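Participant: coordinates for the following, if possible.
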Amino acid sequence: MTLHPLFLNFVAQGVPIDTIRYILMFPLIVTLVAFFRQVVGIKAFGIYTPSIVTFAFLAFDPGGLKYGVAIFVSIILVGMLSRLLLRRLRILYLPRVAISLTIVALAILAILVAGGSLHRTGLASVSIFPLLIMITLVEKFVATQIEKGDKVALMLAGETLFISLVGYFLARSSTIAEYLLAFPWIVLLTIPVNIFLGRWRGLRLSELLRFSKLLK
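Facilitator: Numbering: from 1, shown residues only. Prediction:
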């Protein structure tokens, strides 16, 4: 792997090469999210959530993407169930979310214990940081449920998962990583790309599909 001289110095100072790689990948991931929003019409939970979930997937053991997806789906389902259970309690928003997060955390702990008992070492040994990142999805999900209903919340969760998976495979690409580490100035190209996306006035792909009969 060819490294830019600047990064050779960073590595010599003890900075992990994976840290450099993923920091350089971050502008590409957020640009990808912006592209899906502006051109394709996939909203997801904003720009930060799918981006951070992408890196949570990357934090799982190699080959452990299936565990990341399983935990993502489990968190969404448990979050929905906890809101249904708490609906009868007339309490304020923040305490309700705190209780939901507690229930989700205990559910994830149970999943990890189950993974250990079934000898799923990749699941049982998951680091705490990607788990905490995933658990924070509950607040976004519950807030969307309250504001827009269960259907919209589930749709946005599915869109977030889809974008995160695309971002995961982008970030795992060794070819892209080699180019970024050798020519880091490529990252600056995301700025004009985002300026273009910010001025996008055309129909989104989702709108073209939605109004295809009318356009014909």
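
Participant: neighbours of Gly198, how many?
Facilitator: When counting by other CB atoms under 10 Å, one arrives at 9 neighbours for Gly198. For glycine as for every other residue, the C-beta is placed from the backbone atoms N, C-alpha and C.

Participant: list the contacts for it?
Facilitator: With contact taken as CB atoms under 8 Å, 6 or more residues apart in numbering, Gly198 is in contact with Gln38.

Participant: for the most centrally placed residue in the chain, which non-adjacent residue is spatially closest?
Facilitator: When the chain is reduced to its mean C-alpha position, the nearest residue by CA atoms, centre = their mean turns out to be Val53, at 2.4 Å. Excluding the flanking residues, the one nearest Val53 by CB to CB, 6 or more residues apart in numbering is Ser164, at 4.2 Å.

Participant: quick one: the strands in the protein, in order.
Facilitator: For the chain, none of the segments meets the definition of strands by DSSP state E.

Participant: would you map out the domains in this protein?
Facilitator: Per the record's domain assignment (automatic domain parsing), the chain is made up of the domains 1-41+173-207, 63-170.

Participant: which intervals of this structure have sub-threshold pLDDT?
Facilitator: Scanning the chain with the threshold set as pLDDT under 70 gives 1, 61-64, 119-125, 202-216.

Participant: and the helices in it?
Facilitator: In order along the chain, the chain carries the following helices (DSSP state H): 5-12, 17-35, 48-59, 65-86, 93-117, 121-124, 128-135, 137-148, 150-171, 174-182, 190-198, 205-210, 212-215.

Participant: quick one: list the elements packing against the second one.
Facilitator: For helix 17-35, the elements it packs on are helix 5-12, helix 48-59, helix 150-171, helix 174-182, helix 190-198, judged by 3 or more CB pairs under 8 Å, 6 or more residues apart in numbering; DSSP states H and E.

Participant: can you do 6 Å?
Facilitator: Contacting helix 17-35 under the criterion 3 or more CB pairs under 6 Å, 6 or more residues apart in numbering; DSSP states H and E are the following elements: helix 48-59, helix 150-171, helix 190-198.

Participant: contacts for the second one, please.
Facilitator: The one in question is helix 150-171. Defining contact as CB atoms under 6 Å, 6 or more residues apart in numbering, one finds that helix 150-171 is touched by 25, 29, 32-33, 36, 42, 44-45, 49-50, 53-54, 57-58, 72, 76, 141, 144-145.

Participant: try it again at 7 Å.
Facilitator: By CB atoms under 7 Å, 6 or more residues apart in numbering, the list of residues contacting helix 150-171 from outside reads 22, 25, 28-29, 32-33, 36, 42-45, 49-51, 53-54, 57-58, 65, 72, 76, 80, 141, 144-145, 176.

Participant: just the CA trace of it, in PDB.
Facilitator: As requested, the backbone C-alpha atoms of helix 150-171 are provided in PDB (Å, rounded to 0.1, in the frame of the first residue of the first chain):
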ATOM      1  CA  ASP A 150     -45.000   4.200  13.200                       C
ATOM      2  CA  LYS A 151     -45.100   3.700   9.500                       C
ATOM      3  CA  VAL A 152     -42.900   6.700   8.700                       C
ATOM      4  CA  ALA A 153     -40.500   5.800  11.500                       C
ATOM      5  CA  LEU A 154     -40.100   2.200  10.200                       C
ATOM      6  CA  MET A 155     -39.600   3.500   6.700                       C
ATOM      7  CA  LEU A 156     -36.900   5.900   7.800                       C
ATOM      8  CA  ALA A 157     -35.200   3.200   9.800                       C
ATOM      9  CA  GLY A 158     -35.200   1.000   6.700                       C
ATOM     10  CA  GLU A 159     -33.700   3.800   4.600                       C
ATOM     11  CA  THR A 160     -31.100   4.500   7.300                       C
ATOM     12  CA  LEU A 161     -30.100   0.800   7.300                       C
ATOM     13  CA  PHE A 162     -29.900   0.700   3.400                       C
ATOM     14  CA  ILE A 163     -27.700   3.800   3.200                       C
ATOM     15  CA  SER A 164     -25.500   2.500   6.100                       C
ATOM     16  CA  LEU A 165     -25.000  -0.700   4.300                       C
ATOM     17  CA  VAL A 166     -24.000   1.100   1.000                       C
ATOM     18  CA  GLY A 167     -21.600   3.300   3.100                       C
ATOM     19  CA  TYR A 168     -20.200   0.200   4.800                       C
ATOM     20  CA  PHE A 169     -19.200  -1.500   1.500                       C
ATOM     21  CA  LEU A 170     -17.900   1.800   0.200                       C
ATOM     22  CA  ALA A 171     -15.700   2.300   3.300                       C
END
